[in-house]
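1. the sequence and its predicted three-dimensional model are supplied below.
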Amino acid sequence: MAADSEPESEVFEITDFTTASEWERFISKIEEVLNDWKLIGNSLGKPLEKGVFTSGTWEEKSDEISFADFKFSVTHHYLVQDSTDKEGKDEVLEDVIPQSMQDLLCMNNDFPPRAHCLVRWYGLREFVVIAPAANHDAVLSESKCNLLLSSVSIALGNTGCQVPLFVQIHHKWRRMYMGECQGHGVRTDFEMVHLRKVPNQYTHLSGLLDIFKSKIGCPLTPLPPVSIAIRLTYVLQDWQQYFWPQQPPDIDALVGGEVGGLEFGKLPFGACEDPISELHLATTWPHLTEGIIVDNDVYSDLDPIQAPHWSVRVRKADNPQCLLGDFVTEFFKICRRKESTDEILGRSTFEEEGREIADITHALSKLTEPAPVPIHKLSVSNMVHTAKKKIRKHRGVEESPLNNDVLNTILLFLFPDAASEKPLDGSSAVDNNNPLSESEEYNLYNQFKSAPSDSLTYKLALCLCMINFYHGGLKGVAHLWQEFVLEMRFRWENNFLIPGLASGPPDLRCCLLHQKLQMLNCCIERKKARDEGRKTNTSDMFPGDAGKAGDQLGPDNLKDTDKEKGEVGKSWDSWSDSEEEFFECLSDTEELKGNGQESGKKGGPKETASLKPEGRLHQHGKLTLLHNGEPLYIPVTQEPAPMTEDLLEEQSEVLAKLGTSAEGAHLRARMQSACLLSDMESFKAANPGCFLEDFVRWYSPRDYIEEEVIDEKGNMVLKGELSARMKIPSNMWVEAWETAKPIPARRQRRLFDDTREAEKVLHYLAVQKPADLARHLLPCVIHAAVLKVKEEENLENISSVKKIIKQIITHSSKVLHFPNPEDKKLEEIIHQITNVEAIIARARSLKAKFGTEKCEQEEEKEDLEKFVSCLLEQPEVLVVGAGRGHAGKIIHKLFVNAQRLTESSDEAAAMAPPEEELKRVSSPEERRQNSVSDFPPPAGRELILRTTVPHPAPYSRALPQRMYSVLTKEDFRLAGAFSSDTSFF
């Protein structure tokens with residue numbers, strides 16, 4: 001025994017049972033994947049319902065395995081179905097053939113419009129595919145194919161998996177699959193033939209029946225009947241009898257006066273070419289038996305008009321050219337340009353002969369410097385006029401990117417008040433006659449951070465968009481922007497309000513350019529009011545007159561909620577032109593010295609009480625001053641300076657840089673209290689002899705606390721005192737009150753220097769490059785495009801488009817609400833808008849082709865409209881009534897007209913009215929005579945042959961056999977599933 005045990009131990013040491021061949025490892029990996037996915041055993045599902053392959057949900061799971069160093073991907077495709085109770089089924093249903101074999105005979109889902117190719121060819125609800133992982137890899141040799149099939153067969157046998165397993169062979173574009181399915185004592189082999197050139201004997205039913213019969217090799221006589229399903233597909237490509245309804249915009253009409261300048265405020269819409277390229281008609285005979293129909297190389301009974309089932313699908317043109325999408329895309333391209341306006345137009349727009357005055361923004365500072373030249377030569381208006389002359393001098397009329405007619409039309413559209421001799425005072429009011437609801441419009445411009453749809457900024461964006469597309473491209477944009485900036489300066493100099501802008505401070509919900517224009521309008525309003533006040537010499541007005549002047553202003557100038565609700569705004573009419581200008585008036589100077597400077601030195605209420613009150617607006621109810629009992633008057637005060645978002649950011653940065661130290665906090669408070677100091681000075685001037693308590697009662701009533709107390713005589717009286725925060729030593733309010741002098745608002749230093757701010761805005765506009773301008777206005781253009789799409793969709797009423805528009809609005813609001821959005825995200829928004837435009841264009845194209853508007857009967861019209869909407873949203877639509885229904889007759893007529901044009905036999909027939917055509921092809925006799933030429937040869941022929949026969953022996957089990965055939969112009973494919981009995985053979 002010892003001797004025998006020694007060699008056994010040696011053998012045990014030499015043999016390593018873990019080292020398997022690469023082939024065995026590959027098979028083991030397949031089995032492992034099948035076990036992980038729980039594809040073991042027999043699981044029968046419910047019978048397949050009609051159309052479930054298209055309407056149901058398909059899912060897939062993937063894994064990766066390798067054969068040596070060659071990687072394969074394993075994918076499990078399956079139709080999601082309701083789970084059924086499977087307990088005990090494996091034992092009871094042991095002799096039942098696998099689910100996939102039963103599905104081979106199911107007729108409810110022949111020719112699904114959208115499914116995996118193996119689903120279409122074999123009618124399977126579940127299968128596994130093993131394919132090379134890399135797209136460029138392929139299994140080409142026959143030996144490798146056989147090795148893979150052997151691996152599949154062994155793995156299925158070892159695991160008991162009854163799901164069909166396919167192997168993809170040859171190049172992937174050929175879609176060649178071989179596979180196998182195993183059950184208890186049965187097996188199905190999935191085989192395929194793919195040819196470029198079709199043998200003549202297989203172009204018809206009789207030749208394919210011969211192949212099928214020879215392949216199943218049934219030993220029985222007579223042969224069981226073969227079930228046949230046939231589908232012929234006809235393609236309509238010729239739409240010559242229907243002109244594409246989209247008319248290109250008439251460029252000449254924009255200037256010629258036929259349409260008028262308002263055309264510049266509208267965006268174009270629609271596809272420039274027919275977005276529907278082809279119509280595919282599938283005529284189906286779902287259930288025929290051999291002998292009922294004849295189809296051979298001599299004669300065929302397959303008349304499409306007689307087919308019981310018609311279904312239609314449309315092929316959409318790839319990326320049709322759409323006007324709105326092109327408009328927005330071309331405008332977006334400007335954002336990537338680097339050139340400045342000067343570089344585009346050839347020479348500096350504001351170039352002067354002297355280099356020392358090259359920058360127009362320094363014009364005002366030059367006025368105060370000693371200069372040997374006359375003052376009028378350095379005026380801003382003279383600079384602008386000289387710049388215009390130099391522009392015209394260096395760029396002739398014929399060289400101008402925009403001709404005068406186009407330019408004048410646009411400027412008149414942007415500035416309608418220029419048409420009248422005197423600009424309207426109320427031109428800044430915004431017109432709210434908008435077809436969309438005000439709340440919806442508000443939400444859009446607020447979400448997109450663009451501008452209201454009737455504002456100047458919005459109109460300017462649309463005009464620049466059209467100029468860029470039709471009138472000169474980038475040079476035209478630069479030219480119009482240059483003219484726009486000059487118009488802004490002209491309006492500032494001449495006190496003309498800018499139309500199309502809401503009054504009041506800049507709206508921070510809008511784009512920065514819109515805020516800048518609103519800021520300029522604020523400056524013009526202040527300057528205009530000041531100039532008018534100087535003319536009427538309001539410095540000598542009585543206090544009552546000042547109150548009236550204040551009452552004329554609107555409610556936009558009301559104070560904060562801390563002030564009383566009845567308070568009215570502030571008068572600007574009596575202001576001086578600048579902080580030093582009042583020194584020109586001798587009486588005012590003396591008065592200032594008497595009132596302000598002396599009271600500042602003495603600072604006591606007794607002295608100030610003797611001063612003459614100034615700058616009163618009106619009496620504040622029944623309130624009186626606490627110390628002398630005089631009525632308390634609300635003063636005329638300065639408005640706080642309006643600010644755009646970039647100025648607010650600058651201010652916040654400056655304040656943040658002061659730090660958190662006590663000194664920094666004190667300095668920050670001083671900077672923020674400029675408006676408070678101004679109001680205190682106005683209050684002191686209007687109420688001589690007042691105290692801080694009086695000011696607080698008007699300015700911040702919550703900081704003056706009144707309590708009921710009993711006096712010495714025992715009476716209940718009200719006693720008031722300042723709040724705790726006002727009593728803090730050296731607080732900002734006390735400091736400001738002690739510093740404040742009784743100076744009325746019209747003599748104070750201006751909180752808002754409109755001249756300086758206006759020049760800053762004009763300089764900002766002048767230095768904008770076309771790319772910067774496009775960035776500013778792109779939200780307005782996208783806003784306009786979305787409104788245009790919504791307007792067009794309302795005419796068509798397409799439910800799917802409504803959902804997409806909501807998605808676009810949500811996406812755009814996220815992207816545009818933040819500064820400097822990414823180009824990629826902007827491109828996505830523009831692409832979504834173009835897609836919606838294409839969908840609406842397709843709907844209009846189909847409506848024109850099917851003549852939905854020409855239907856006289858309401859019921860037929862509704863059916864046609866429903867049919868057209870289904871064509872847009874579904875991959876394939878069943879034609880009710882097939883060739884005899886209303887839609888079927890129209891489709892038939894389309895094919896007839898296309899055939900007549902192709903054959904050139906009767907060109908007049910193509911131009912016949914639809915009613916006459918329907919009559920011509922409606923009689924059965926004529927239809928039979930003309931049916932040959934009514935339709936072109938089928939572009940695709942699909943056949944499915946099925947039967948159940950015992951194989952391979954007469955005593956074997958009767959098992960399903962199936963063969964699918966598809967024949968197109970350059971492709972011929974046979975996909976067969978042939979079952980055999982592995983127990984009784």
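-> Thanks, I have it.
2. now for the longest strand seen in the chain, which elements pack on it?
-> Looking across the chain with DSSP state E, the single longest strand is strand 276-289. The elements that strand 276-289 packs onto, with contact taken as 3 or more Cβ pairs under 8 Å, 6 or more residues apart in numbering; DSSP states H and E, are strand 227-236, strand 309-316, helix 823-850, helix 886-903. C-betas here are computed from N, CA, C, even on glycine.
3. for the first one, name the packing helices and strands.
-> In terms of contacts (3+ Cβ pairs under 8 Å, 6+ apart), strand 227-236 is packed against strand 276-289, helix 886-903, strand 940-950.
4. picking up where we left off before, C-alpha coordinates for the longest strand of the chain, PDB please?
-> Once non-C-alpha atoms are left out, strand 276-289 reads as follows in PDB (Å, rounded to 0.1, in the frame of the first residue of the first chain):
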ATOM      1  CA  ILE A 276     -41.200  65.600 -44.700                       C
ATOM      2  CA  SER A 277     -38.900  63.800 -47.200                       C
ATOM      3  CA  GLU A 278     -40.800  60.500 -47.700                       C
ATOM      4  CA  LEU A 279     -44.100  58.700 -47.000                       C
ATOM      5  CA  HIS A 280     -43.900  55.000 -46.500                       C
ATOM      6  CA  LEU A 281     -47.100  53.000 -47.100                       C
ATOM      7  CA  ALA A 282     -47.100  49.500 -45.700                       C
ATOM      8  CA  THR A 283     -49.900  47.200 -47.100                       C
ATOM      9  CA  THR A 284     -50.200  44.100 -45.000                       C
ATOM     10  CA  TRP A 285     -52.000  40.700 -45.500                       C
ATOM     11  CA  PRO A 286     -51.700  39.400 -41.900                       C
ATOM     12  CA  HIS A 287     -53.100  35.900 -42.300                       C
ATOM     13  CA  LEU A 288     -53.000  34.000 -45.600                       C
ATOM     14  CA  THR A 289     -52.600  30.300 -46.300                       C
END
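5. now the angle from that strand to strand 309-316?
-> Interaxial angle, strand 276-289 versus strand 309-316 (axes from the mean of the first three to the mean of the last three Cα atoms, to 10 degrees): 160 degrees.
6. by how many degrees do strand 276-289 and helix 823-850 diverge?
-> Computed by the same axes, to 10 degrees, the angle separating strand 276-289 from helix 823-850 equals 60 degrees.
7. now strand 276-289: mean pLDDT?
-> The pLDDT scores in strand 276-289 average 90.
8. give me the buried positions along the stretch of helix or strand Leu34 belongs to.
-> Using DSSP states H and E, Leu34 sits in helix 22-36. Neighbour-count burial for helix 22-36 flags Phe26, Ile27, Ser28, Lys29, Ile30, Glu31, Val33, Leu34 (criterion: 16 or more other Cβ atoms under 10 Å).
9. and what of stretch 223-241?
-> Residues of stretch 223-241 classed as buried by neighbour count (16+ other Cβ under 10 Å): 226-236, 238-239, 241.
10. wasn't Pro499 part of a helix?
-> No - using DSSP: H, G, I helix; E, B strand; the rest coil, the assignment for Pro499 is coil, not a helix.
11. quick one: neighbours of it, just the number.
-> Pro499 has 23 neighbouring residues, counting by other Cβ atoms under 10 Å.
12. and the gap between it and Val163?
-> Separation of Pro499 from Val163 (Cβ to Cβ, to the nearest Å): 73 Å.
13. could you do Ala271 as well?
-> As judged by Cβ to Cβ, Ala271 and Val163 stand 46 Å apart.
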